[in-house]
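> Attaching a predicted model along with its sequence, questions to come.
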Amino acid sequence: MNIERPAIIAPVDSETAGRRAYPQRVQYFLIPLIFGVITGIIGRRKGSSFLLWSLVGFLLPAIGLAAVFMSRNEREDPSRECPNCHKLLPISAQVCMRCGEDLDYPAEFVV
Ligand SMILES: [Zn+2]
């Protein structure tokens, strides 16, 4: 007597498998993308580059976001005037971006 074995594992057709796998695949791209955009926005608000920070947030999700929170706020940096051409420069500048004057650490700040 030949008894046919019942199929224990239901065959998965390709359409169902594809639908199930799609959200898992998309999160590998979507989550870093969301982290990248948020990191970029915070970086931009701190006076830095949106593109640079969004790249950091995309490549290092969560770590990049933590890094942007800890980063220096460039908007709060004091400014100073170039003694040669009187261009307003960030305090961290070592060379004037307009005339190329070598700058020492200033005695007085212009905020
Ligand atoms: Zn200058």
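Here it is on my side, so go on.
> From start to finish, how long is stretch 94-102 in a straight line?
End-to-end distance for stretch 94-102: 6 Å, by Cα to Cα, to the nearest Å.
> er, stretch 87-101 I mean
11 Å.
> Begin at 176, not 1, for the rest of this chat.
Taking 176 as the first residue, the last one we looked at is stretch 262-276.
> close to the ion, is that stretch?
Yes. Shown here: stretch 262-276 in contact with the ion (Cβ under 5 Å from the ion) through 262, 271, 273-274, 276. (Each C-beta comes from the backbone N, C-alpha and C, glycine too.)
> Which of the helices and strands in the protein ranks last by mean pLDDT?
helix 189-220 (a mean of 80; mean pLDDT, DSSP states H and E).
> Enumerate the positions of the helix or strand following it that are buried.
Downstream of helix 189-220, the first helix or strand assigned by DSSP states H and E is helix 225-234. The neighbour-count check on helix 225-234 (16 or more other Cβ atoms under 10 Å) flags 228-233 as buried.
> And stretch 254-261, by the same measure?
Going by neighbour count (16+ other Cβ under 10 Å), the buried part of stretch 254-261 is 255, 257.
> check whether it contacts the ion.
Yes. Under the criterion of Cβ under 5 Å from the ion, the ion is reached by stretch 254-261 at 257, 259-260.
> Output the below-cut-off pLDDT ranges for the chain.
In the predicted model of the chain, residues 176-199, 281-286 satisfy pLDDT under 70.
> For it, what lies in contact range of the ion?
257, 259-260, 262, 271, 273-274, 276.
> do that again at 8 Å, thanks
By Cβ under 8 Å from the ion, the residues of the chain that approach the ion are 257-262, 264, 271-276.
> For those, give me a markdown table that also has secondary structure and distance to Gly222.
Converted to a markdown table, these look like this (DSSP: H, G, I helix; E, B strand; the rest coil; distance: Cβ to Cβ, whole Å):
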| residue | secondary structure | distance to Gly222 |
| --- | --- | --- |
| Cys257 | coil | 20 |
| Pro258 | coil | 24 |
| Asn259 | coil | 25 |
| Cys260 | coil | 23 |
| His261 | coil | 22 |
| Lys262 | coil | 18 |
| Leu264 | strand | 14 |
| Cys271 | coil | 19 |
| Met272 | coil | 16 |
| Arg273 | coil | 20 |
| Cys274 | coil | 23 |
| Gly275 | coil | 24 |
| Glu276 | coil | 23 |
